[in-house]
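Peer 1: here is my input, please return the structure:
(4 chains)
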Amino acid sequence: MDLSWSDAEQAFREECRTWLEANVPTPALPSGDTRDGFAAHLEWERALHDARWAVVSWPAQYGGRDASLWEWLIFEEEYYRAGAPQRVTQNGIFLLAPSIFEFGTTAQQDHYLPRMSAAVDLWCQGWSEPNAGSDLAAVSSRAVRDDDAGGWRLTGQKTWTTRGAFCTHVFGLFRTDPTAERHRGLTYFLVPLDSEGVTVRGFGRLDGDEGFAEVFLDDVLVPDEPPADADPQLAAATMDRGGILGDVHQGWGVAMATTTSERGLTLRSPGRFQATAHRLLELARERDAEGRLGAALADRVVDAWVDAEAYALFTLGDVTGIVEGRSPGARSSFNKIFWSELDVRLHEAALDLLGPDAELDGPWMKGYEFALSGPIYAGTNEIQRNIVAERVLGLPRK
Amino acid sequence: MDLSWSDAEQAFREECRTWLEANVPTPALPSGDTRDGFAAHLEWERALHDARWAVVSWPAQYGGRDASLWEWLIFEEEYYRAGAPQRVTQNGIFLLAPSIFEFGTTAQQDHYLPRMSAAVDLWCQGWSEPNAGSDLAAVSSRAVRDDDAGGWRLTGQKTWTTRGAFCTHVFGLFRTDPTAERHRGLTYFLVPLDSEGVTVRGFGRLDGDEGFAEVFLDDVLVPDEPPADADPQLAAATMDRGGILGDVHQGWGVAMATTTSERGLTLRSPGRFQATAHRLLELARERDAEGRLGAALADRVVDAWVDAEAYALFTLGDVTGIVEGRSPGARSSFNKIFWSELDVRLHEAALDLLGPDAELDGPWMKGYEFALSGPIYAGTNEIQRNIVAERVLGLPRK
Amino acid sequence: MRFELTDDQVDLRDAVQALLEDLCPPEAVRSAWDGDGRVPSAWDALVEMGVLGALVPESAGGLGMTDEDVVPLLVECGRVGLPDPVAPSGYAAAAALTEALGDPAAAGSAAEWLGRIASGDVLIPVVDAAAPVVGAASADGFLWCAAEDAGPQVLVVAPDQVDLEPLQSVDGGRRPARVVRRGGEVLLTGDVARSVSVATADRLALGAAAELVGLGERMLDLTVGYVGERRQFGVPVGSFQAVKHQLADAALAVAFAGPLVSYAAHSMAHGDPDRSRHVSMAKLRASTAVRHAAAASLQCHGAIGYTVEYDLHLYMKRAWALSYEHGDPDAHRARLRDSLGLASGRN
Amino acid sequence: MRFELTDDQVDLRDAVQALLEDLCPPEAVRSAWDGDGRVPSAWDALVEMGVLGALVPESAGGLGMTDEDVVPLLVECGRVGLPDPVAPSGYAAAAALTEALGDPAAAGSAAEWLGRIASGDVLIPVVDAAAPVVGAASADGFLWCAAEDAGPQVLVVAPDQVDLEPLQSVDGGRRPARVVRRGGEVLLTGDVARSVSVATADRLALGAAAELVGLGERMLDLTVGYVGERRQFGVPVGSFQAVKHQLADAALAVAFAGPLVSYAAHSMAHGDPDRSRHVSMAKLRASTAVRHAAAASLQCHGAIGYTVEYDLHLYMKRAWALSYEHGDPDAHRARLRDSLGLASGRN
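Peer 2: Sure, this is the predicted structure:
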């Protein structure tokens, strides 16, 4: 066991902290899930990119620093400790990029990744449909071959698309073989939202932000990949109009690559929860100084704080394994369940500290509302518990 | 709303309290689930019977007082408040008697009920089998018709039979029609344990008492009911050798009568948990007086105490409804879940108060071990939650 | 012994339930968010029906009912998420003024205010001036319980005798404000003021507990309906055991909170010496049970519950707010610790 | 940065695991209940392998290892439910005596005792004389941390210098007793005695936490095996979502306790200034997680788990006992409150 950071890692942390201290906007930006706030966040994203902090673990050619997973953890820790803004580009970076790295052609990687890290292309996810939420394989949006136009024509409806009203592109699964069963016959499409036939309707989220959208597609043409020997400019223009990631009918596997990616959402950076735990502790100390902290409530603060530390340590173990080539596999469902429910507990403890003021629309209530989405999105915790039971513990499916 | 007791009910309570104060044995009897303890408990049961406290809500002709359900509640409250011994006859009184009242012939009622209330016949239940626990309808013990002998021949194995090694009779379901499916083709038999072909093997329970037994039946003859015009003495002798309750192949319905009986196990008397809550409070006050009661732990005591009160009030509502002819129906599953998990919480809080001494083999640890069986027996709480969801809330079965 | 509403009480409750279902559907609650936090048609109908004056003595123009009659109606107000201040004004303040009728010096003002309450004016009780006061902006007055240096006082305070600092609640139908008092008419002092202050705090807590129970039942109804319809993996979501058990647990918690609320109403009506304890039991359990129901409801809805276009959030946010108002769970546990003789448990 | 055992540590742990699986099956634990609470064959093999002397410096006849090496072995002792006092004697007492080697006056006795521990003698540490002391009856001596009026002392106490009052534990493999000291040889006094006392209490707590993690994993293994085989309603019990989710939750709790135990071992080994805090985190979470695992295991087993003929109870009762020993969850939460600067939270 070696819990020390190398000199290079320490230097990385220093550089990162110094830059964040100098650049994190104050006062805090308005929510990135509102129209005005999103614009402000885009400026921040572009500043991050210019200083090469947008995607530290990516190759330099795509805007990254070739940072190790340890350095990525350090970056995240510093980012949350600095109270830096939420990442409105995260659905591209965490959900789509891993699949592009694994399944994209070199041409696709070269085209899409730099535009993503520079916050030029702004990606939202098109997983859920009105009748396909937890049951992702039930998607009914379809894509029909159009040989004359040299591509596919997409029709259907996607929903719960976070920040969809502010983004430029959507990625998602469409049924290309209507005769195949469920997981089969799906293809992973990339679609610009300014394509003809796309309509986006924003709607309100629990916390009052216009953070969700429905995306309607009506006979939207997505062109085939340009031939390898195509004129580069022409090829770029074609890819600007969208494309297919991975093989036709193989979209399920492409999508699943995200869910097991170590840089995906399942490995939520511990820094986020440790920063929240730290703020919780500060709040409890204020109450304590006022002589208004009950011991029972203090114990709930202790429990939540301990769990944030436990999550950080569990993640260190995961990352050690990944760095040494051992994938956590289905154990990543442990992470998803734990961080999402921890986040709720941290905020509940804070609201309890606020007592009669808890209902006021402050940062803790906002944070609580957001935390409540954690057990629902990215695979409900019911699904995650099934995965733990069946794939980690080995209980029978039926 | 009228939360006062009538003069008659007050007088009943006084009589009951006075008798209990004079008669409850001190020191407390050893556990009735041990061989010696069981014998001591039998003496107590017979004293109860002689004073007509054994089955207060039964008709006087069977040893009762024709007490109302309210008076039964009063009796139970006083019984637990007085710290009177556990009822080793309870499986007969609570599980079998309701079915005899509903399905027994007059001859069976006249024969079995007085012997049960007098603790002459000591009944244990034969529900579970090695492969039929929660899934009671999976019983495989069978009964085959023997016309020559004028009865049925029973073969099979029953298990988890509480106090089976000390009892005189067993009741349970046997498969009389092997071709019928699951719930169908079962018959409810009454069997003396001294019948030829019965073997009883006691074994140990979690709490160290020899409280369980397996009952093996090998070609055990249970005679048909004597004809209505039979000589009374001969009829009694026949019934002494066992019989069938209800109709052949209709045993499932007979057994289920118990589970919905207001005097069955689902309506656990609140007095039991209020008495435990009272002891818990006393323990907490002792710790408090020593300056060793943390506020967080005090809060757990408060929560458990409140829940014991809530259970008592919920039961008052149930009893009001029953008295006025409204059956609680599937809502009785609420009671089972609540009292069984409340009992665990009450004991956990007490053990937490004991701290390093919690592991010692005292009454709280014993009580905790017993409480842990609550969520398992009489229909696991998983089954009860299914019932609540499907029959109270109306969620779809499939 | 009979632990159940009388037939008359059931009839009144059912009538109020029908009225509110008709006049306070989710759309009306949404309008209240966009407007001033009121649903005028429902309020007027409740006034018409006598609900606001239910507790007001007949001599003062009311129905002369008791806590036992009124508390079940507050459950119904909660069930529809009515944002209007029925509980503070028509229950807690009305009961306090009824006490004040017994004091010759206060009787005149008290009778006048009771009449105004019965006809729909709003008198908001304030027992903890540090906490946000809901409905302050549209109040016709405040019934103020003050702990002055000279001793406890109960006052009636006019809107122009206070300074308001409006606050934003997570529930847009509530309009909390911090209120600072600059004047007022002293109604009661001394021991009577003290006991009226305690009883007013108790009724505010019990009123919130009753509304919480209604909200809990409403959220569960919504959720049971949704998971019975919504299909995933080829079956209704509600057929999954994980969903069933979450909802069974939440329903169980709410089912056991209800009797504590009824019991506390009985205690208040009969002046039971342990009534404050019973109120704390009711508010504690209603708060924890309904938070539990809110969490289960949201989780079982999945993403749709997380949108403002769906109705769940209207009831959930009200439930959150009420669970903290008039004594959060920790505050009532602390009062119960004292009441149960565990007062020194402070380590 | 590397949060994982070294290959050498893994090899040693695997060897101990294999040895214990072989020599301490459930039947051996049962025999210990009927006998004197010991499993001699396993103990002798562990002595032979050097486990009892793992922490003893090489100069005193041991392997000179650290907390990081030894704690994973205690997880394995827990996994098989070994009742023998490996953690108290071979870990907590051995570490204390190693500290005492640095004091010229104490070094002689300390070295002698370290040698005896490594060769299998039992030295039981006592840091809280009011609490039951497990294994007291078969101890060759006690390492006694006493808070005398004159200041802290660490003593070695012989069996004939104590009075024992035997107690009955729910776990028949444990032999607790109340121990009253009548004499003893003072090894350390003053600040060194104080710091050794704290470190000894920490190691006792951490040893229990490590055993708890092993017990939790063992109970879950047993349960997963059972519900995979046991059929009801025509399917394996383990295919019901309610069973799956109970076990997933319990496994999750245990999985997140493990890293806290490893981290605390690292802190103890490296003298981290926050080591006591880290130990409290580990013991708190190991206790709550493994109680959770015990409850889920029993419930998912149904009635069979409730019998003494089935093995589950052997591990469950040990888990209960260890969760209370050397600081129950409330005690460690209190220490964490202080450590996190919430010391005055006493209302």
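
Peer 1: rest of the way, CA atoms for contacts and neighbours
Peer 2: Will do.

Peer 1: I'd guessed residue C:107 sits against residue C:99; true?
Peer 2: No: using CA atoms under 8 Å, residue C:107 makes no contact with residue C:99, being 9.1 Å away.

Peer 1: what does the stretch 151-300 of chain C put close to chain A?
Peer 2: C:167, C:168, C:169, C:170, C:171, C:231, C:232, C:233, C:242, C:299 (CA under 8 Å from any CA of the partner chain).

Peer 1: state the pair within those residues that is farthest apart.
Peer 2: C:167 and C:233 (44.8 Å; CA to CA).

Peer 1: how about residue A:311: what's its closest non-neighbour residue?
Peer 2: Counting by CA to CA, 6 or more residues apart in numbering or on different chains, residue A:270 is the residue found nearest to residue A:311 once chain neighbours are left out, at 6.4 Å.

Peer 1: any chance of the residues of the stretch 151-300 of chain C next to chain A in CSV, plus pLDDT, secondary structure and neighbour count?
Peer 2: CSV is the format used below for these (pLDDT from 0 to 100; DSSP: H, G, I helix; E, B strand; the rest coil; neighbours: other CA atoms under 10 Å in any protein chain shown):
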residue, pLDDT, secondary structure, neighbour count
C:167, 96, coil, 18
C:168, 95, coil, 15
C:169, 96, strand, 23
C:170, 95, coil, 24
C:171, 96, coil, 23
C:231, 91, strand, 17
C:232, 89, strand, 19
C:233, 89, coil, 15
C:242, 97, helix, 24
C:299, 96, helix, 25
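
Peer 1: what does chain A put close to chain C?
Peer 2: Counting by CA under 8 Å from any CA, the residues of chain A near chain C are A:131-135, A:138, A:160, A:203-206, A:208, A:295, A:297, A:352, A:355-361, A:365, A:373, A:375-377, A:380, A:382.

Peer 1: restrict the residues of the stretch 151-300 of chain C next to chain A to those near chain D?
Peer 2: residue C:242.

Peer 1: with respect to chain B, which of the residues of the stretch 151-300 of chain C next to chain A is nearest?
Peer 2: Within those, the smallest distance to chain B is 10.0 Å, found for residue C:242 (CA to the nearest CA).

Peer 1: run through the strands of the chain in chain order.
Peer 2: In the absence of a named chain, chain A is used. A:123-126, A:142-146, A:151-158, A:169-175, A:186-192, A:198-203, A:212-223, A:243-245 (DSSP state E).

Peer 1: if you could check chain C rather than the one you did, that'd help
Peer 2: C:123-126, C:133-134, C:141-148, C:151-157, C:162-166, C:176-181, C:185-189, C:231-232, C:235-236.

Peer 1: of these, which approaches residue C:81 most closely?
Peer 2: strand C:133-134 (14.5 Å).

Peer 1: hmm, that closest one touching chain A?
Peer 2: No: counting by CA under 8 Å from any CA, chain A has no neighbours in strand C:133-134; the shortest distance is 9.9 Å.

Peer 1: picking up where we left off before, just the buried members of the residues of chain A next to chain C?
Peer 2: A:131-135, A:138, A:160, A:203-206, A:295, A:297, A:352, A:355-361, A:365, A:373, A:375-377, A:380, A:382 (16 or more other CA atoms under 10 Å in any protein chain shown).

Peer 1: if we can go back for a sec, so which of the residues of chain A next to chain C sit within helices?
Peer 2: A:295, A:297, A:352, A:365, A:373, A:382 (DSSP state H).

Peer 1: what's the closest non-adjacent residue to the last one?
Peer 2: Here the nearest residue to residue A:382 in space, its sequence neighbours aside, is residue C:242; by CA to CA, 6+ apart that works out to 6.9 Å.

Peer 1: does residue A:337 touch residue A:386 like I think?
Peer 2: No: contact criterion CA under 8 Å: residue A:337 and residue A:386 do not qualify, at 11.2 Å.

Peer 1: chain neighbours aside, what residue packs nearest to residue A:381?
Peer 2: That would be residue A:375: by CA to CA, 6+ apart, it lies 5.3 Å from residue A:381.

Peer 1: can you check residue C:290 too?
Peer 2: residue C:216 is the one closest to residue C:290 (CA to CA, 6+ apart), at 5.0 Å.

Peer 1: where does the one you found land on pLDDT?
Peer 2: For residue C:216, the model assigns a pLDDT of 98.

Peer 1: give the contact list for the spatially closest residue to residue A:153 that is not a sequence neighbour.
Peer 2: In space, and not counting its chain neighbours, residue A:153 is closest to residue A:221: 4.5 Å by CA to CA, 6+ apart. By CA atoms under 8 Å, 6 or more residues apart in numbering or on different chains, the residues touching residue A:221 are A:151, A:152, A:153, A:154, A:195, A:196.

Peer 1: select only the buried ones of these in ChimeraX?
Peer 2: For the buried members of the contacts of residue A:221, the matching ChimeraX selection, counting by 16+ other CA under 10 Å, is:
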select /A:151,152,153,154,195
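
Peer 1: out of the contacts of residue A:221, which is nearest to chain B?
Peer 2: residue A:154 (34.2 Å).

Peer 1: how close does the residue nearest to the closest one when sequence neighbours are not counted get to chain C?
Peer 2: In space, and not counting its chain neighbours, residue A:154 is closest to residue A:143: 4.3 Å by CA to CA, 6+ apart. From residue A:143 across to chain C, the span is 22 Å (CA to the nearest CA, to the nearest Å).

Peer 1: does residue A:143 touch residue A:172 like I think?
Peer 2: No: assessed by CA under 8 Å, residue A:143 is found out of contact with residue A:172, at 11.4 Å.

Peer 1: which residues touch the closest residue to chain A within the stretch 151-300 of chain C?
Peer 2: Residue of the stretch 151-300 of chain C nearest chain A, by CA to the nearest CA: residue C:169 (4.3 Å). By CA under 8 Å, 6+ apart, residue C:169 lies in contact with A:359, A:360, A:361, C:175, C:176.

Peer 1: can you tell me how far the residue lying closest to it once chain neighbours are set aside is from residue C:325?
Peer 2: Spatial nearest neighbour of residue C:169, chain neighbours left out: residue A:360 (4.3 Å); criterion: CA to CA, 6+ apart. Separation of residue A:360 from residue C:325 (CA to CA, to the nearest Å) stands at 11 Å.

Peer 1: ok, residue A:113 next?
Peer 2: In terms of CA to CA, residue A:113 sits 50 Å off from residue C:325.

Peer 1: same drill for these two, tell me which one is more crowded.
Peer 2: residue C:325 (25 against 22; other CA atoms under 10 Å in any protein chain shown).

Peer 1: give me the contacts around stretch A:179-186.
Peer 2: A:137-138, A:173-178, A:248-252.

Peer 1: switch to 10 Å and redo it
Peer 2: A:135-143, A:172-178, A:247-255, C:233 (CA atoms under 10 Å, 6 or more residues apart in numbering or on different chains).

Peer 1: can you get me a residue count around residue A:184?
Peer 2: So residue A:184, with other CA under 10 Å, has 18 neighbours.

Peer 1: circling back: can I get the contacts of residue A:221 in CSV including pLDDT?
Peer 2: Listed next are these as CSV, based on pLDDT from 0 to 100:
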residue, pLDDT
A:151, 97
A:152, 98
A:153, 98
A:154, 98
A:195, 97
A:196, 97
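
Peer 1: next up, the contacts around the closest residue to chain C within the stretch 151-300 of chain A.
Peer 2: Nearest residue of the stretch 151-300 of chain A to chain C, counting by CA to the nearest CA: residue A:205, 4.2 Å away. Neighbour list for residue A:205: A:33, A:160, A:162, A:211-213, A:369-370, C:303-310, C:313 [criterion: CA under 10 Å, 6+ apart].

Peer 1: which among those residues end up buried?
Peer 2: Buried, going by 16+ other CA under 10 Å: A:33, A:160, A:162, A:211-213, A:369-370, C:303-308, C:313, out of the contacts of residue A:205.

Peer 1: narrow those to those in helices?
Peer 2: Using DSSP H, those in helices are A:369, A:370, C:313.
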